[in-house]
Structures are given as C-alpha cells and as structure tokens.
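In: Show me the folded form of this:
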Amino acid sequence: MSDRSLRSSEPVWMEIARREIGVKELPGPGDNPRVVEYHKATTLRASEDAVPWCASFVSWCLESAGVESTFSARARSYESWGKALARPLIGCVVVLSRGPNPAQGHVGFYAGSHGPDHVKILGGNQGDAVSISAFPRRKVLGYRWPTEVPVPRETQGPAEVPLPRDAAAAAASKEAETEPRNPPDSVTPPPPPTSTPARSDNAGPRPNLWGRIVAGLRALFKRNG
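Out: Predicted structure coming up:
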C-alpha cells in the first residue's frame, strides 16, 4: 500500500502530526518555542525543549484535533488511554518500552510497517525532532485508539455474512442431489437361490433304472444256468 493511499484515510490528528515533521530542538541554551508549545498541552508545562517531549507532542496533536489526551508528559500514561486495538491502524497511538525501567517508554503515532519486525512511528523527540522512525515491533506495549472516535469500518476487516435461510436450504438441497443415491458399498447382494438346481443329462442313470438292469441280468443268468 502506498503512502498516498494510507494518507487518504488518516485521522485528523495524524494529518496535524505530519505537518509538524521537521520541528526540532534548538542547539545551545535556546529553546524551540514550538516544542515548548507541545509541553503546554500537558500538566507538566515544561519550558525547555531538553525535557523529553514525545508524550507532549502526542497530547498536543490530539488536543489540536479536538480529541481528549492524557494531559501527561509521561509516555506510558497512554498504555491505559482510549481503547485497545488488536492490530495497528494508521494514526493509532503506539506505546513502546524503553530500557529496563518500567516507568520509561516512548509514544507516537503508527505510520505503517517497516518489514516484518519493525513499525514506523511518527513522533516527537525522535532524534531530537518530529520525524518518522522505525522501532522494533517487540517493544510495542499496545496500540490505542480514542474512545470517542469510531474505529474506521474499512480497517476492521471483512465480516462473514451468513447466507439467507432460503439460499442456505437451496445449497444444502443441491449438495444432496450431487450425492450418489446408492453408493457401491451400500448395495445389498442378491439372496442365494433356494431351489435345488436340476440334474444335467450326463449325471448318470437314476437309481430305479439301475435296479431294473440288475434284476434283468439275474434273470438271464438263472435261465442259462
């Protein structure tokens, strides 16, 4: 998906964040007034750009779009903000871990994937500036979305639409028609014959005929004897 197609469906706060790309801390003792303005969106209200400002930037972008933020300068304050997403959406808030200290972290807006193992984050205080940088996906603690803003329907994935009852019944009927009515393994073999098969002509003389022959031979021998 191209960057242009992604931007066409971006939320307002993401568009605001993009316009800030390039804002950076000033070298030396001076402070960038734009970064100080980000801080004013939090309860900390820091007056120096050297104070970590990734959460201040997120809060400022959200508030500028009319979305309630955490008003906190702590990155991990966004772990429980809004509602959790099962997968990232362009513009959602991404909370990441930073180092072994569970109180430390980083926060920014999801700007896409960077290969299978990294995510692109549009955030503040990334190289002392507002930029888009890649972070390891394994450091992601959560993807968050504003409670008061509906999740874009086109990014929720297609829903499975059940067939109407009539169409489902027709499909089941058609499937039944394609089944063989008498499968080969269910054919009943014919019953064995119950009557005794007839004798063939070469099966030999019948018993009563043999008796007559024997009796005639005895009479012949008796007469000649």
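
In: Contacts only, for the closest residue to S47 other than its chain neighbours.
Out: Excluding the flanking residues, the one nearest S47 by CB to CB, 6 or more residues apart in numbering is V36, at 5.9 Å. Just so you know, the C-beta spots here come from the backbone N, C-alpha and C atoms, and that holds for glycine as well. Residues near V36 by CB atoms under 8 Å, 6 or more residues apart in numbering: A46, S47, E48, D49.

In: Show the buried residues in those.
Out: Buried members of the contacts of V36, scored by 16 or more other CB atoms under 10 Å, are A46, D49.

In: just the strands in this structure please.
Out: With strands called from DSSP state E, the chain shows them at 83-84, 93-97, 105-113, 118-123, 131-136, 140-145.

In: Report the mean per-residue pLDDT for stretch 59-75.
Out: Per-region confidence: stretch 59-75 scores 98 on mean pLDDT.

In: Please apply the same query to stretch 132-146.
Out: Rounded mean pLDDT across stretch 132-146 is 98.

In: Next: stretch 99-111.
Out: 95.

In: quick one: contacts of it?
Out: 6, 13-14, 17, 54-55, 57-58, 61, 74-76, 78-79, 88-98, 119-124, 126, 132, 135, 141, 143.

In: ok, now with 6 Å
Out: 14, 17, 54-55, 58, 75-76, 78, 88, 91-92, 94-98, 120-123, 132 (CB atoms under 6 Å, 6 or more residues apart in numbering).

In: how many neighbours does the residue lying closest to A55 once chain neighbours are set aside have?
Out: Take A55 and drop its neighbours on the chain: the residue closest to it by CB to CB, 6+ apart is A75, 4.7 Å away. Neighbour count for A75, taken as other CB atoms under 10 Å: 26.
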